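A.B. asks: sharing a model prediction with you, sequence too.
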Amino acid sequence: MRVYLVAGELSGDILGAGLMRAMLARYPDAEFRGIGGPRMAAEGMNSLYPLETLSVMGLVEVIKHLPRLIGVRRHLRRDALAWQPDIMVGIDAPDFNLGLERQLRDAGITTAHYVSPSVWAWRQGRVKGIARSVDAMLTFLPFEAAFYARHQVPVAFVGHPLADELPLLNDRTAAKVVLGLDAETPVLALLPGSRASEVRFLGQTFFDAAEKLCRERETLQVIVPAATPERRAQLNGMLVDRPMLAERLLLVDGRSWQAMEAADVVLLASGTAALEAMLCHRSMVVAYRMAPATYWLARRLVKTEWISLPNLIARESLVPELIQEKASADAIAAELGRLLDDSEGRAALERRFATMHAELRRDASRRACDAIDALIAGKSLPPSVRADALVEQAEPGQESRS
């Protein structure tokens, strides 16, 4: 069994590693090649490029890196055609992977895409190109599967691997103790992103908000998980001129889930981290800023009411979203302060998140493996992952668009 995998960032590395483990349980001699990170490498991945090769944020930023990305895709195409895998699975990074998947599918290689792009939120016409690029789309969320089923694109609803991996019960006090935090005082977790560009746009604002809260609350503890050694160095550089905050702040390598479990409130960039905080059952504020030109384009393209996955899944505003000019340090600090003062509201939201977590636990990696098995064998997707029954489900933004 030969499987070509291309992941584009840390979340894709986590998903890819889970899929590889599920496949290795069935095919112990399976071989994996393409692009992956340290978790995928630990499962036996032969990665041709560093994981961050495809981690370019924003529409405008991609243009600057386009020649390099085109060169990488051409190399991967030649490499895959020479290696002749049984299937190529693109993991997220749709702007890069869907083009590669289409080229390989046209050349006779079976392809699947793992993690749906937000085609239901903007540029819905892309679904026609997706149908030409993949033999099946593997989705995490039921509303995504409903969209593809409605457009006659083969789709497998597999549930979310993170929902399987994170426990339904967690212990905030135990997490604090393990991290060396005071178990009796409140904790704020900051996650400004895993990409250099995200930290550049958000890091200073997040630290400004945390500094403001620390002045107002003498016992508040702050923890910041650094996604990579490069992000740790970047964050440390931002703390040089903030001695008071640096004294109250614990910077740790990785351990983002543990940091969120230890937290009373989480401040994070929109993206997978918001889902992770939901699966850790923690109250949060989602804040996001991007290059002005990118934001100008996004405002004209995005047709959904929310940007964070907890709100999209629930179809209501469970968590505050502060975007672009609204993501000021004062506004962020005010929202965080409100949450820190509302223990009953936090407890109610934690219970709601626990229920949502349970609904997403589907043994996703195994179900994705079931779908891949069927595709390789040239069979229809198995009933356990088909999305036929979800066609009547409404899509996010269908009732209310902004």
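C.D. replies: Everything's here; your move.

A.B. asks: pLDDT at the spatially most central residue of the chain, what is it?
C.D. replies: Geometric centre of the chain, nearest residue: Thr272, 2.6 Å, by Cα atoms, centre = their mean. pLDDT, Thr272: 82.

A.B. asks: distance check, it against Leu104.
C.D. replies: Counting by Cβ to Cβ, to the nearest Å, the separation of Thr272 from Leu104 is 26 Å. For glycine as for every other residue, the C-beta is placed from the backbone atoms N, C-alpha and C.

A.B. asks: can you name the next helix or strand after the helix or strand bottoming out on mean pLDDT in the chain?
C.D. replies: Ranked by mean pLDDT, DSSP states H and E, the weakest helix or strand in the chain is helix 292-301, scoring a mean of 68. Sequence-wise, the next helix or strand downstream of helix 292-301 (DSSP states H and E) is helix 309-314.

A.B. asks: and that following helix, what's buried?
C.D. replies: Buried residues in helix 309-314, counted by 16 or more other Cβ atoms under 10 Å: Leu309, Pro310, Asn311, Leu312, Ile313, Ala314.

A.B. asks: now the end-to-end length of stretch 169-186.
C.D. replies: With Cα to Cα, to the nearest Å as the measure, stretch 169-186 spans 20 Å from end to end.

A.B. asks: need the residues that contact that stretch.
C.D. replies: With Cβ atoms under 8 Å, 6 or more residues apart in numbering as the test, stretch 169-186 has contacts from 187, 217, 219-221, 223, 250, 252, 255, 258-259, 261-265, 280-281, 340.

A.B. asks: just the buried residues from those residues, in ChimeraX please.
C.D. replies: To isolate the buried members of the contacts of stretch 169-186 in ChimeraX, using 16+ other Cβ under 10 Å:
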select :187,217,220,221,223,250,255,258,259,261,262,263,264,265,280,281,340
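
A.B. asks: and the longest helix along the chain, what does it pack against?
C.D. replies: Among the segments of the chain that qualify as a helix by DSSP state H, the longest is helix 59-83. When contacts are defined as 3 or more Cβ pairs under 8 Å, 6 or more residues apart in numbering; DSSP states H and E, helix 59-83 sits against strand 2-7, strand 31-35, helix 94-106, helix 292-301.

A.B. asks: in JSON lines: the ones you listed, plus mean neighbour count and distance to Lys379.
C.D. replies: As requested, these are exported to JSON lines (neighbours: other Cβ atoms under 10 Å; distance: least, Cβ to Cβ, whole Å):
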{"stretch": "strand 2-7", "mean neighbour count": "25", "distance to Lys379": "17"}
{"stretch": "strand 31-35", "mean neighbour count": "23", "distance to Lys379": "22"}
{"stretch": "helix 94-106", "mean neighbour count": "20", "distance to Lys379": "17"}
{"stretch": "helix 292-301", "mean neighbour count": "14", "distance to Lys379": "37"}
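
A.B. asks: re earlier: what is the nearest of the buried residues of helix 309-314 to Ile130?
C.D. replies: Nearest to Ile130 among the buried residues of helix 309-314: Leu312, at 19.2 Å, using Cβ to Cβ.

A.B. asks: just put the buried residues of helix 309-314 in a markdown table and tack on pLDDT.
C.D. replies: Listed next are the buried residues of helix 309-314 as a markdown table, based on pLDDT from 0 to 100:
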| residue | pLDDT |
| --- | --- |
| Leu309 | 87 |
| Pro310 | 92 |
| Asn311 | 91 |
| Leu312 | 85 |
| Ile313 | 86 |
| Ala314 | 86 |
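
A.B. asks: below-threshold pLDDT in the chain: ranges please.
C.D. replies: The chain contains residues with pLDDT under 70 at 55-65, 121-122, 294-303, 384, 386-402.

A.B. asks: where does the residue of it most remote from its centre land in three-state SS?
C.D. replies: The C-alpha centroid of the chain is most remote from Glu218, which lies 33.3 Å away (Cα atoms, centre = their mean). Classification of Glu218 using DSSP: H, G, I helix; E, B strand; the rest coil returns coil.

A.B. asks: likewise Gly193?
C.D. replies: Reduced to three states by three-state DSSP, Gly193 is coil.

A.B. asks: and if you look at the one 4 residues further on?
C.D. replies: Judged by three-state DSSP, the three-state class of Ser197 is helix.

A.B. asks: check the one 4 residues further on too.
C.D. replies: The assignment at Phe201 comes out as helix when based on three-state DSSP.

A.B. asks: how many residues are close by it?
C.D. replies: Counted with other Cβ atoms under 10 Å, residues neighbouring Phe201 total 22.

A.B. asks: in contact with it, which residues?
C.D. replies: Phe201 is in contact with Arg289, Met290, Ala291, counting by Cβ under 8 Å, 6+ apart.

A.B. asks: out of those residues, which is nearest to Val134?
C.D. replies: Met290 (27.9 Å).

A.B. asks: list phi and psi for the closest one.
C.D. replies: phi -150, psi 180 (degrees, to the nearest 10).
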